[in-house]
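[1] pasting the sequence and the predicted coordinates here, then a few questions.
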Amino acid sequence: MLRITLFLLLFFQFSFSQNILDLKNRATIIKEIQKDRIENLLPSLMKETGIDMWIIITREYNEDPIIKTFLPPTWLNARRRTILVFYHNSISDKVEAAAISRYNFGENIPSIWDKEKIPNQFEALYNYISEKGPNKIGLNFSENFALIDGISKTDFDLFYNNAPKKMQEKIVSAEKLGIRWIETRTKKEKKIYNQLVSITHNIIREAFSTSVIRPGETTTDDVIWWMREKVLSLKLKTWFHPTIDVQRNEASDLYAFDGKSKYDIIQPGDLVHCDFGISYLTLNTDCQQIAYVLKPNEKNAPKFLSDALKDANRVQDIFTDQFALNKTGNQILKSSLSLAKKEGLNPQIYTHPLGTFGHSAGTTLGMWDSQGGVPFKGDVKMNFDTVYAIELNNKTYLKEWGKDIRIMLEEAGIFEKSGFRYVNGRQEKIILIGK
């Protein structure tokens, strides 16, 4: 079996963005990631959350979101009714993974159901549960976290209503386990994230150049569709439709969040902003950067725009300095906004976990329209080894333009035992279009 070594991963990390694995080699990496997570991450998470059996029940085309984190790379969807069972053996401190399914769930989760001997799939599941004797059975239902609310009413009723009463009494929500599973990145995933962010940055740099943008001709929508086509040409996917907008020394309107600048023709003197992310090797990026279109005879962006970027970088620093284990998102949001405003800054913070899902489960730190805190999601405590899209903006008044502008930034960063760090740097200088 072909194995992709760490050397190759590092080679791709420092190579140009087009050095992307083909589908067959991606499948190898994905299988290794999933195996590593099941064997080396899941036992500690099940022990931490007190759930010794986690059951995921899903059906083809109506799938539990979490099935995506286990889905074999040679499968595009679950098949028929798929039931996965993860049992944490407290003696060995290992997780036993099994599928109560007609097929093996890829190479990492074997099927243990013999339909010819036990025709009823749920009867086979009950027999397996009885054999293992768990104390708590976690199912994916949650009122406040959509990614952990994946079991359908039909499947829940079929499982619960036909289970023995003693088994029914052991059923609990797998909310905490599901959040921890989705938000936590392994060492292998952290290494891969470096390349993902590098690819993302490279595409943005190319988009913000005269090879794509002809000032006075190219529209913001033209750049958006160039980015979509670029990602497709690299055999990758965008996980959301990109945004390109401009702010300029003309209108009094404050662009951002209003949709008014989506179809402007990009002109010299414009401040151009993008919001863009890709999907690769089961992970996602989410990045916002800014560029300036040079006027004739200009070599750099005006100092007042560079100073505005510095102010937004300062908001980033204040914000990420507040990260701490077991602090809630709402606590970090409140202290960060307070400290930034004391320095005369005017920020909005709306940061979210990032991983297999773009807007992932875990600690949410504000939303652009919820700067006073986010119910439930903002109350989740921060844990180590979570990647965040450090997403925020700072509003600055430009006397040169006679108006406010927003510097909107977003970069992938990770919170670890050693502290916070950006996965692959952050923007500290304005990209120049036309230099």
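    That came through, no problem.

[2] contacts for stretch 362-379, please.
    144-145, 179, 182-183, 257, 319, 328-330, 332-334, 336-337, 348-353, 380-383, 386, 388 (C-beta atoms under 8 Å, 6 or more residues apart in numbering). Backbone N, C-alpha and C define where each C-beta goes, glycine included.

[3] need the buried ones from these selected in ChimeraX.
    In ChimeraX, this line selects whichever of the contacts of stretch 362-379 come out buried by 16 or more other C-beta atoms under 10 Å:
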select :145,179,182,183,319,328,329,330,332,333,334,336,337,348,349,350,351,352,353,380,382,383,386,388
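
[4] in strands, which of the contacts of stretch 362-379 appear?
    In strands, defined here by DSSP state E, the members of these are 348-349, 352-353, 386, 388.

[5] need the residues you listed in TSV with distance to N424 and pLDDT, can you?
    What follows is these, written out as TSV (distance: C-beta to C-beta, whole Å; pLDDT from 0 to 100):
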residue	distance to N424	pLDDT
Q348	24	97
I349	21	97
H352	18	96
P353	17	96
T386	16	96
Y388	14	97
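
[6] now, among the residues you listed, which is nearest to P65?
    Distances from P65 to the ones in strands among the contacts of stretch 362-379, taken as C-beta to C-beta, are shortest for P353 (13.8 Å).

[7] quick one: residues contacting that closest one.
    Taking C-beta under 8 Å, 6+ apart as the criterion, P353 is in contact with 182-183, 359-364, 386-389.

[8] low-confidence ranges in this structure?
    1-18, 251-263 (pLDDT under 70).

[9] is the most centrally placed residue in it bridged to anything, and to what?
    Nearest residue to the geometric centre of the chain (C-alpha atoms, centre = their mean): L354, 2.2 Å. With DSSP bridges applied, L354 shows beta-bridge pairing to V387.

[10] could you export the contacts of P353 as TSV, including distance to N135?
    TSV is the format used below for the contacts of P353 (distance: C-beta to C-beta, whole Å):
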residue	distance to N135
I182	23
E183	24
H359	33
S360	29
A361	24
G362	26
T363	28
T364	31
T386	28
V387	32
Y388	33
A389	37
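
[11] who's in contact with D36?
    Neighbour list for D36: 186, 188 [criterion: C-beta under 8 Å, 6+ apart].

[12] just the element for it, please.
    If you go by DSSP states H and E, D36 is part of helix 23-36.

[13] ok, and for that helix, which residues are buried?
    Within helix 23-36, the residues scored as buried using 16+ other C-beta under 10 Å are 26-27, 29-31, 33-34, 36.

[14] quick revisit: can you list the ones in strands among the contacts of stretch 362-379 in a markdown table and add distance to K429?
    Formatted as a markdown table, the ones in strands among the contacts of stretch 362-379 follow (distance: C-beta to C-beta, whole Å):
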| residue | distance to K429 |
| --- | --- |
| Q348 | 22 |
| I349 | 22 |
| H352 | 26 |
| P353 | 28 |
| T386 | 28 |
| Y388 | 22 |
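
[15] just flag the most distant two among the residues you listed.
    Maximum pairwise distance among these (C-beta to C-beta): 21.4 Å, between Q348 and T386.

[16] show me the contact partners of stretch 64-73.
    26-27, 30-31, 34, 37-38, 56-58, 77-78, 82, 84, 105-109, 140, 146-148, 150-151, 178, 181-182, 282, 356-357.

[17] which of these count as buried?
    Applying 16+ other C-beta under 10 Å to these flags 26-27, 30-31, 34, 37-38, 56-58, 78, 82, 84, 105-106, 108-109, 140, 147-148, 150-151, 178, 181-182, 282, 356-357 as buried.

[18] show me where the stretch 301-435 of the chain has its strands.
    347-349, 352-354, 386-398, 403-416, 419-422, 431-433 (DSSP state E, counting those that start in this stretch).

[19] which of the ones you listed sits most buried?
    strand 352-354 (a mean of 27; mean count of other C-beta atoms under 10 Å).

[20] which residue comes closest to L158 once chain neighbours are left out?
    The shortest distance from L158 to any non-neighbouring residue, by C-beta to C-beta, 6 or more residues apart in numbering, is to F122 (6.1 Å).

[21] now the residue sitting furthest away from the middle of the chain: how far from A124?
    Distance from the C-alpha centroid of the chain, by C-alpha atoms, centre = their mean, peaks at K117 (42.4 Å). Distance of K117 to A124, computed by C-beta to C-beta, to the nearest Å: 9 Å.

[22] name the residues of stretch 161-180 that are buried.
    For stretch 161-180, using 16+ other C-beta under 10 Å, the buried residues are 163, 167, 170-180.

[23] you'd agree N104 is up against W113?
    No - assessed by C-beta atoms under 8 Å, N104 is found out of contact with W113, at 10.3 Å.

[24] save the strands of the stretch 301-435 of the chain as a markdown table, and put in distance to Q247 too.
    Formatted as a markdown table, these follow (distance: least, C-beta to C-beta, whole Å):
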| stretch | distance to Q247 |
| --- | --- |
| strand 347-349 | 15 |
| strand 352-354 | 24 |
| strand 386-398 | 9 |
| strand 403-416 | 5 |
| strand 419-422 | 25 |
| strand 431-433 | 14 |
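
[25] OK, contacts around the spatially closest residue to P302 that is not a sequence neighbour?
    With C-beta to C-beta, 6+ apart as the measure, E400 is the residue that lies nearest to P302, at 6.9 Å, once sequence neighbours are left out. Residues in contact with E400, defined by C-beta under 8 Å, 6+ apart, are 249, 302, 304.
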